[in-house]
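# what's the 3D shape of this:
(2 chains, ligands or ions: 1)
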Amino acid sequence: MGEYYRDADQLFEIYGYFLDSVLQNDKIGPKMSKSGIIIKFIYTDPDCEITIDLKNKPEKEGYYGTFYLGPCHLKEDVWSKQSADHSHRFWHGLENPIASVTRGKVKQGGKITAMLKLLPVVRPTFGEFPVILKEMGYEDLIVKKK
Amino acid sequence: MSGYFYRIADIDLSSGNVADYPIDHQYYRDYIGGGSLAARLFFDLVKPCIDPLSIENPLFIMTGPLVGTGFPGSSRFAVCAKSPLTGIWGESTCGGAFGVSLRKNGFDGIIIRGRASQPVVVEVFDGSITIGDATNLWGLDTYEAAQQLKEVHSDRKKLRTLTIGPAGEHRVRYASICHDRANHLGRTGMGAIMGSKNLKAIIAEGTVSLPIADEEEYKSARKTTLEAARESIVSISLNQAGTASAMEIGMMTGDIPIKNWRVGEVEELGDELGGNAIVEKILKKRKACQGCPIACKPEVKVENTKYDFGTGPGPEYETLGTFGSMLMSLDLDAISKANDLCNRLGLDSISCGATIAFIMEAREKGFYSDEQLDHLDLTWGNLDAVIELLKKISYREGFGDMAAEGSAVLAENLPEQAREFLVTIKGLELPMHDPRGFHGMGLAYMMSNRGACHLQHSVQSVEQCSVSWPEAGLEDEYTGTESEGKAKMVYISEGIGQMANAICLCHFAQWAIGLENTLAGLNAVTGFELSLEDYINIGHRSWLLKRSLNNLMGVREQDDKLPGRVLTPLDEGGTGGTIPDEALLKFEYYQIRDLDPSGIPSEPALLKADLGFLIEPLKNMNS
Ligand code: SF4
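This next block holds a predicted model:
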């Protein structure tokens, strides 16, 4: 198992809370939705996956997209595979996205252009992630910048 | 030794004579080719103090040993001279296929001296060179002139053209040279040098086989390199999203300058001008330089708008920056039109767009009246006025005559406060990468020998982590917003980048294929048996030679500095709150590069690089 997550349930708990917040955020949500893609995140240690659907009409009122914790029937436009630890540091803004891909820490498939759509949207969420960890009582999981 | 023809054509436009220049064969081993070999020939032939637009300033068109061999990304060539924009070393490189055609005539390069009494075209066919009349081409734009030449030589199916437009004819100091529409020698005003020589065009077609030292080695190196190029994530990204993908990435990292470098973020930039926007809104297809498997160049279609220009080469990242984010426009059609006009009129879209950004800010701050600007409404985002200005610049009409001198000259003619928003180094407008987000890039700009440049070194790829080259002594990863220790990174990256330019290899291709494959290809073609250390050291020799030429042209320590605007932190965006530590970067760099306090290479540094012949001229320059 990795450094930060006990198991897939804990990862789903944290990312579920985070995505709930981000996909209802009136500043970030519309920009995410504008990308119009379905993206699948595949994690290792713990092994699990999350799919975010920014293409179809959101299932829930007040949301700008729908996310699925665990296997999902939707066909993704782009997938991204990485360790759960790497993803955890990424959402803190502590991983260089270019280095992550060129050094093979993140593997991705599908249309690169689809992935690019999300990049400008991601940075404002970096501030959110530690805040959410604190709210959830997971202060011990907040990664400090060295 | 192989990989070369050992032939440099020497053309004197004043007398009409064409001869072979008696080049010392050792120069090929010592300088390889491209801008590096041109710099050595420049030292031998040119007095540093000349006026760049005089007949004493030769134009050097140089290729490299891999050009034409089909090695991925190796179809480039360099055009060099003393720059009319900066007054120092001028160098511009370009892809396409002209370099290949020149080599297929049995020439490694050509030197063009003097000035023709009337417009001429230099024709390089079947191994020989003639000078033809081009009076009927003078006044045409770059595309029209190329088209006419293709019609006249319609029997030559692989004819390659270099043409200048009205900007070159009118000696706009940042005039470019256009190669077959899609490729441009933009930086440092080489189009104005052609204009000053009454040289409208150079055309070439040839069929000579290229000399390769070890055919079997070469085939194997090429095969491995092609596979590496196809698999690399750099190639895949460039092919799918083009250089414009740097917009989306730059929105995260803060790499993109906005509103003449004074705003940190415009949320819609990535969406409106990024790689995705190009693909979805205007892309027709991707094109490639000859033999390149990456194919990053966008061919676009803009029609049914007032910016209609049909189908043609689309804007690359740098132009999306200079005419988009820098001028506060998110109109992709209008930016594409401005790009098309720069191509046709023959203007460097970086210096031109950046100069217009300077003008817009000067106007906003009250330094120019509407009357001085010929009543053009040069307010932020107004690309209609910009498009009008492009024409005025190219023909030097009205205010365009002043704007044709570049932003540094404009600032000199305004009150002192205008320098606060002048963003040049050694007279060259900065390219579209913000040193506040990448401090190493700031140092690389300061020390670049053609003025602020992102392609005289490999810093962009190394510092942004597109590549990992520990075998060259580089760290695996760098943090953009740190200054400490970056001098070593810049130093090594200069050696690597100078060599890419000497070989005439595309930087993107080198990112994709890596150093080992590049070296294998070079050794197989030339038989030089260079180690990676030798390879980088030749790059250092090239850097030191160009620096010494610049010293002879007056460059000193005080010229190695960042403009005040990029030493002012931004409040928001990816670079928010950070600036490069200019003093630390420079201090560490001067130590590593062994420059004396006045910015001149030390004697030991010159001797170590086998550049002892520079010691006396550098000593004597002040006496
Ligand atoms: S990567 Fe692009 S610019 Fe470089 S050689 Fe290939 S097509 Fe030309």
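# could you use CA atoms for every contact and neighbour count after this?
OK.
# what about residue 26, neighbour count?
All of this refers to chain A. Neighbourhood size, A:D26 [other Cα atoms under 10 Å in any protein chain shown]: 13.
# think we crossed wires, I meant chain B
For B:Q26, using other Cα under 10 Å, the count is 10.
# dihedrals phi and psi, it?
phi -60, psi -20 (degrees, to the nearest 10).
# and if you look at A:G2?
phi -80, psi -170.
# for the longest helix along chain A, name the packing helices and strands.
Selection of the longest helix in chain A by residue count, based on DSSP state H, yields helix A:8-24. Contact analysis of helix A:8-24 by 3 or more Cα pairs under 8 Å, 6 or more residues apart in numbering or on different chains; DSSP states H and E lists helix A:29-34, strand A:66-69, helix A:128-135 as its packing neighbours.
# let's see 7 Å
Packed against helix A:8-24 by the contact rule (3 or more Cα pairs under 7 Å, 6 or more residues apart in numbering or on different chains; DSSP states H and E) you find no helix or strand.
# angle of it against helix A:128-135?
120 degrees (axes from the mean of the first three to the mean of the last three Cα atoms, to 10 degrees).
# now do the buried residues in helix A:8-24.
A:8, A:11-12, A:14-24 (16 or more other Cα atoms under 10 Å in any protein chain shown).
# can you lay out the residues you listed as TSV showing pLDDT?
TSV is the format used below for the buried residues of helix A:8-24 (pLDDT from 0 to 100):
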residue	pLDDT
A:A8	97
A:L11	97
A:F12	97
A:I14	97
A:Y15	97
A:G16	97
A:Y17	96
A:F18	96
A:L19	96
A:D20	95
A:S21	94
A:V22	94
A:L23	95
A:Q24	96
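# list just the nearest of these to B:M326.
When the buried residues of helix A:8-24 are ranked by distance to B:M326 (Cα to Cα), A:V22 comes first, at 30.6 Å.
# ok, the closest one touching A:P30?
No. Using Cα atoms under 7 Å, A:V22 is not in contact with A:P30, being 9.9 Å away.
# what about the residue of chain B found nearest chain A, how many neighbours?
Closest approach between chain B and chain A, counting by Cα to the nearest Cα: B:C465, at 4.9 Å. For B:C465, the number of neighbouring residues by other Cα under 10 Å comes to 24.
# not counting sequence-adjacent ones, nearest residue to B:S128?
B:N105 (7.3 Å; Cα to Cα, 6 or more residues apart in numbering or on different chains).
# that neighbour against B:I129, yeah?
No. Judged on Cα under 7 Å, B:N105 makes no contact with B:I129 at a distance of 9.3 Å.
# neighbour-wise, which of those two wins?
Per other Cα under 10 Å, whichever of B:N105 and B:I129 has more neighbours is B:N105, with 22 against 19.
# so who does the more buried one touch?
B:F125, B:D126, B:G127, B:G206, B:T207, B:V208 (Cα atoms under 7 Å, 6 or more residues apart in numbering or on different chains).
# can you pick the most crowded of those residues?
Busiest of the contacts of B:N105 [other Cα under 10 Å] is B:G206, holding 21 neighbours.
# let's see the worst-scoring helix or strand of chain B on mean pLDDT as CSV, backbone CA atoms only.
Between all helices and strands in chain B, the lowest mean by mean pLDDT, DSSP states H and E belongs to helix B:245-253, at a mean of 85. Output in CSV follows, covering the C-alpha atoms of helix B:245-253 (Å, rounded to 0.1, in the frame of the first residue of the first chain):
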residue,chain,number,x,y,z
SER,B,245,-0.7,23.0,-26.5
ALA,B,246,1.8,25.1,-24.6
MET,B,247,-1.1,27.5,-24.1
GLU,B,248,-3.0,25.1,-21.9
ILE,B,249,0.1,23.9,-20.1
GLY,B,250,1.3,27.5,-19.8
MET,B,251,-2.0,28.4,-18.1
MET,B,252,-1.1,26.0,-15.3
THR,B,253,2.6,27.0,-15.0
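# identify the residues contacting whatever helix or strand comes next after it?
The element immediately downstream of helix B:245-253 (helix or strand, assigned by DSSP states H and E) is helix B:269-273. Outside helix B:269-273, the residues within contact range by Cα under 7 Å, 6+ apart are A:P120, B:M247, B:E248, B:M251, B:A277, B:L320, B:L330, B:L332.
# right, and the second one touches B:A277 too?
No. Because the distance of 10.1 Å does not satisfy Cα under 7 Å, B:M247 is recorded as not touching B:A277.
# the two: who's more crowded?
Neighbour count, other Cα under 10 Å: between B:M247 and B:A277, B:M247 has more, with 29 against 21.
# quick one, what contacts the more buried one?
B:I256, B:G270, B:L273, B:G274, B:Y317.
# give me the nearest residue to the last one, chain neighbours excluded.
Distances taken as Cα to Cα, 6+ apart place B:A244 nearest to B:Y317, at 4.4 Å, with adjacent residues excluded.
# got the confidence number for that neighbour?
Note on B:A244: pLDDT of 91.
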